[in-house]
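> One predicted model, sequence on top.
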Amino acid sequence: MTPVETRTVLAEHTTLRLGGPARRFVVAETTEDLLSAVRGAGDNVLLLGGGSNLVIGDGGFDGTVVKIATSGWRIDGESVEVAAGQNWDEFVAAMVGAGFGGLECLSGIPGSVGATPIQNVGAYGCEVSDLLTSIECFDRRTGEIRTMSAAELGFAYRTSVLKGLAGGIVLSARFELRPDGLSAPIRYAELARTLGAEPGERVRAAAAREAVLGLRRGKGMVLDAGDHDTWSAGSFFTNPIVPEPELPDVLARIAAVVDTPAPQYPADGGVKLSAAWLIERAGFHKGHTGPGGRVSLSTKHTLALTNRGQARTDDLLALAREVRDGVEARFGVTLHPEPLLINCSL
């Protein structure tokens, strides 16, 4: 475990490159170090992985930040257990390279393995819950390490029971992979077109990975220090799920101001609409700027709010409020942020 640092600027540890100082900052490179750091941190502790799903306030964090830097994995037949701090895309690349399929549609997603089950990370028709079988979790309230099965995690769209479990810390995750080197069935229309595949078809996992990376790069969703469109937390808003009873009124309101019908997708508890589609039809286009031009919507994808180099967190939140309130005023649909907001709010 690295010595405790003080006043570490958290902007240096987030993909948005935003966030004020931490009172204490610890890097844990082994599970033992992680447990020791967390046990000694008291109640005011923030766990930090890849920093890709966090918006940290300009005031920083007045407590202990523990950066989870554990790494590595162990393959056992068709199952693999991987450390929580392991870089996610490095892990996916290694599994595809080893001839396993299943994770390829989640290529290029920034962050660490341990964060993926917390919000059931997903992209291009695949979610972590499709392949995750269990996690090892440290319960700070009881001091116990226990295994939680996928069924116990209560996975839903971009969430799990872990998202509200303040005392639960993911130590490792176990996935069941496909040993034939073929992808999961291709469900996402854009990806199918790129691959020249039929929906539901399985292709070489390596080919699917390259196609996904190409699509993500085109949207500024693969980290690149030289591209400010990637200085983001990924998709800032989740796709809204409208309960069935409310859907007719929402669609009527949309139809009153937009000629083309809103894309709709089945979802638990209602119908999922496209946040990006709503944002664009509410008048917020790619590159739309916020305060002083220091933040903007990505020039490649309207769901990403980006730091153009000299931003503060307050600038980003002002832009997020503008977009959220504009969509609600025009369509009566409320957008909710996907990243965790630490010492700040919308």
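Nice, thanks for sending it over.
> would you list every one of the strands in the stretch 1-150 of the chain?
For the stretch 1-150 of the chain, the strands defined by DSSP state E, counting those that start in this stretch cover 8-9, 21-28, 45-48, 54-56, 61-68, 73-76, 79-83, 122-123, 126-127, 132-139, 144-149.
> So in that sheet, which strands flank the helix or strand that comes right after the last one, and in what orientation?
Going down the chain from strand 144-149, the next helix or strand is strand 168-176, by DSSP states H and E. The strands beside strand 168-176 in its sheet (DSSP bridges) come out as strand 79-83 (antiparallel), strand 132-139 (antiparallel).
> And stretch 35-54, what's buried?
Neighbour-count burial for stretch 35-54 flags 35, 37-38, 41, 45-54 (criterion: 16 or more other C-beta atoms under 10 Å). Heads up, the C-betas are built off the backbone N, CA and C, glycines and all.
> Output these as a markdown table; include the columns distance to residue 138 and pLDDT.
What follows is those, written out as a markdown table (distance: C-beta to C-beta, whole Å; pLDDT from 0 to 100):
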| residue | distance to residue 138 | pLDDT |
| --- | --- | --- |
| 35 | 6 | 95 |
| 37 | 11 | 93 |
| 38 | 7 | 92 |
| 41 | 12 | 83 |
| 45 | 12 | 92 |
| 46 | 15 | 93 |
| 47 | 11 | 93 |
| 48 | 16 | 95 |
| 49 | 15 | 94 |
| 50 | 19 | 94 |
| 51 | 21 | 95 |
| 52 | 22 | 94 |
| 53 | 20 | 91 |
| 54 | 20 | 94 |
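> would you turn those into JSON lines with distance to residue 141?
Below are the buried residues of stretch 35-54 laid out as JSON lines (distance: C-beta to C-beta, whole Å):
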{"residue": "35", "distance to residue 141": "14"}
{"residue": "37", "distance to residue 141": "17"}
{"residue": "38", "distance to residue 141": "12"}
{"residue": "41", "distance to residue 141": "14"}
{"residue": "45", "distance to residue 141": "13"}
{"residue": "46", "distance to residue 141": "17"}
{"residue": "47", "distance to residue 141": "15"}
{"residue": "48", "distance to residue 141": "21"}
{"residue": "49", "distance to residue 141": "21"}
{"residue": "50", "distance to residue 141": "26"}
{"residue": "51", "distance to residue 141": "26"}
{"residue": "52", "distance to residue 141": "27"}
{"residue": "53", "distance to residue 141": "24"}
{"residue": "54", "distance to residue 141": "23"}
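> hmm, which two among these are most spread apart?
Farthest-apart pair in those is 35 and 52; separation 23.7 Å (C-beta to C-beta).
> give me the number of residues near residue 189?
11 (other C-beta atoms under 10 Å).
> likewise the one 10 residues further on?
Neighbour count of residue 199, defined by other C-beta under 10 Å: 13.
> Then the one 5 residues further on?
Counted with other C-beta under 10 Å, residues neighbouring residue 204 total 16.
> Spit out the contact partners of it.
181, 182, 183 (C-beta atoms under 8 Å, 6 or more residues apart in numbering).
> cutoff 10 Å now
Contacts for residue 204 (C-beta atoms under 10 Å, 6 or more residues apart in numbering) come out as 96, 101, 104, 180, 181, 182, 183, 195, 210.
> Specify which member of the buried residues of stretch 35-54 is nearest to residue 239.
Of all the buried residues of stretch 35-54, residue 239 sits closest to residue 53, with 15.9 Å by C-beta to C-beta.
> Not counting sequence-adjacent ones, nearest residue to the closest one?
Nearest non-adjacent residue to residue 53, counting by C-beta to C-beta, 6 or more residues apart in numbering: residue 339, 4.7 Å away.
> can you give me phi and psi for the closest residue to residue 333 other than its chain neighbours?
In this structure, residue 333 finds its nearest non-sequential neighbour in residue 240, 5.2 Å apart by C-beta to C-beta, 6+ apart. Backbone geometry at residue 240, expressed as degrees, to the nearest 10, gives phi -70, psi 140.
> Show the contacting residues for residue 240.
Residue 240 neighbours (C-beta under 10 Å, 6+ apart): 250, 267, 270-275, 278, 327, 331, 333-336.
> what does residue 35 give?
Counting by C-beta under 10 Å, 6+ apart, residue 35 touches 28, 138, 140, 143, 145, 169, 171.
> what's the answer for residue 157, then?
Counting by C-beta under 10 Å, 6+ apart, residue 157 has contacts 119, 120, 122, 127, 129, 238, 239, 241, 267, 268, 269, 272.
> Please repeat the previous calculation with a cut-off of 8 Å.
Shown in contact with residue 157 (C-beta under 8 Å, 6+ apart): 120, 122, 238, 239, 241, 267, 268, 272.
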